[in-house]
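Engineer: Mind folding the following:
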Amino acid sequence: MAVEALAAVGHRFRRILETVQDITLFCVSVIRSAFLPPYYKHEILEQVHFALIGSLFIVMFSALVAGQALAIQLARELAKTGAKSELGHFMVISSVRALGPVLTGMVVASRMSAGITAELGAMRSSDQIDALVAFGTDPLKRLVAPRMIALWIALPILTIVGDALSVIGGAFIGLGYHITFQSYYNGVTKYLTPSNLLVGMIKPIFFALLITTVACWKGLTSAGGAKGVGVATTESVVISSVGILVTDFICTKLIFRVLGW
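Structural biologist: Numbers count the residues shown, from 1 in each chain. Here you go, the predicted model:
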């Protein structure tokens with residue numbers, strides 16, 4: 001029994017390593033395809049519209065509510081120490097560095113991962129991808145690279161919108177704690193520095209790479225018909241969401257080390 005258990009664990013570990021290797025090679029191929037011609041401009045614009053316009057309202061609403069919830073907690077604690085005027089400072093640090101990029105990434109990942117995986121999985125099940133190959137079209141260039149480029153464009157823009165609404169939501173909460181707009185604005189502008197913006201704007205690039213790689217990989221490798229596509233879609237959303245949290249930690253650690261913080 002012990003030998004069988006060890007063999008099963010070893011087999012499982014080997015499969016995980018093989019999957020990581022395959023996904024890494026796939027990611028490298030996708031990046032190469034995204035930077036080398038030809039470019040399918042119509043597909044890129046279509047995916048930008050789907051990712052940017054389609055996710056805009058969800059990101060705006062989520063960021064506004066999350067910013068207000070964060071402001072309530074910060075304002076209550078700052079009021080106890082007599083530092084309510086620092087609410088703008090803490091809001092811009094929290095939103096721009098961490099809350100905005102991660103919240104936007106999670107919202108977009110939940111929507112885009114499911115959509116991309118389901119679409120590519122359906123194409124795989126109906127042999128449309130094999131038809132593209134038969135006609136001499138590279139599926140990576142036609143299907144994956146436009147989605148990667150689109151998310152590289154859309155996610156930073158959505159992050160900026162989310163950051164802004166999160167900070168604005170905190171300003172309205174501050175009024176309830178007798179914090180004037182001028183005091184709040186001074187705190188925001190003082191700490192809205194290039195270095196803080198750099199921390200928040202680098203992360204969406206890696207989030208977009210993660211979301212596209214995982215979603216397209218699960219869609220292109222799905223099998224088993226409709227049930228297999230459903231399983232791949234669920235796994236895609238879960239892996240993307242957890243991966244964003246891990247990527248956020250790694251990016252924060254590396255950026256802080258580079259900046260000497």
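
Engineer: average model confidence for stretch 210-223?
Structural biologist: Stretch 210-223 shows a mean pLDDT of 89.

Engineer: Convert that stretch to PDB, retaining C-alpha atoms only.
Structural biologist: Below are the C-alpha coordinates for stretch 210-223, written out as PDB (Å, rounded to 0.1, in the frame of the first residue of the first chain):
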ATOM      1  CA  LEU A 210      -1.600  35.200 -16.900                       C
ATOM      2  CA  ILE A 211      -5.300  35.400 -17.800                       C
ATOM      3  CA  THR A 212      -4.800  35.000 -21.500                       C
ATOM      4  CA  THR A 213      -2.300  32.100 -21.100                       C
ATOM      5  CA  VAL A 214      -4.400  30.100 -18.700                       C
ATOM      6  CA  ALA A 215      -7.800  30.700 -20.500                       C
ATOM      7  CA  CYS A 216      -6.500  30.000 -24.000                       C
ATOM      8  CA  TRP A 217      -4.500  26.900 -22.800                       C
ATOM      9  CA  LYS A 218      -7.500  25.400 -21.000                       C
ATOM     10  CA  GLY A 219      -9.700  26.100 -24.000                       C
ATOM     11  CA  LEU A 220      -7.400  24.700 -26.600                       C
ATOM     12  CA  THR A 221      -6.700  21.600 -24.600                       C
ATOM     13  CA  SER A 222     -10.300  20.900 -23.500                       C
ATOM     14  CA  ALA A 223     -11.700  17.500 -24.400                       C
END
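
Engineer: quick one: contacts of that stretch?
Structural biologist: 22-23, 26-27, 30, 105, 108-109, 112-113, 116-121, 123-125, 129, 139, 143-144, 147-148, 151, 155, 228-229, 231-233, 235-236, 239-240, 243-244, 247 (C-beta atoms under 8 Å, 6 or more residues apart in numbering). Every residue, glycine included, has its C-beta placed from N, CA and C.

Engineer: Mind listing residues that contact stretch 39-56?
Structural biologist: Residues contacting stretch 39-56 (C-beta under 8 Å, 6+ apart): 107-108, 111-112, 115, 141-143, 145-147, 149-151, 153-155, 157-158, 161.

Engineer: first to last residue in that stretch, what's the distance?
Structural biologist: End-to-end distance for stretch 39-56: 25 Å, by C-alpha to C-alpha, to the nearest Å.

Engineer: Now a PyMOL select for only the buried ones of the contacts of stretch 210-223.
Structural biologist: Burial among the contacts of stretch 210-223 is assessed by 16 or more other C-beta atoms under 10 Å; the matching PyMOL selection reads:
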select buried, resi 23+26+27+30+105+108+109+112+113+116+117+118+119+120+121+123+124+125+129+139+143+144+147+148+151+155+229+231+232+233+236+239+240+243+244+247
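
Engineer: Which members of the contacts of stretch 210-223 are positioned in strands?
Structural biologist: Secondary structure defined by DSSP state E assigns none of the contacts of stretch 210-223 to strands.

Engineer: quick revisit: just the buried residues of the contacts of stretch 39-56.
Structural biologist: 107-108, 111-112, 115, 141, 143, 145-147, 149-151, 153-155, 157-158, 161.

Engineer: Keep only those of those residues that are in helices.
Structural biologist: 107-108, 111-112, 115, 145-147, 149-151, 153-155, 157-158, 161 (DSSP state H).
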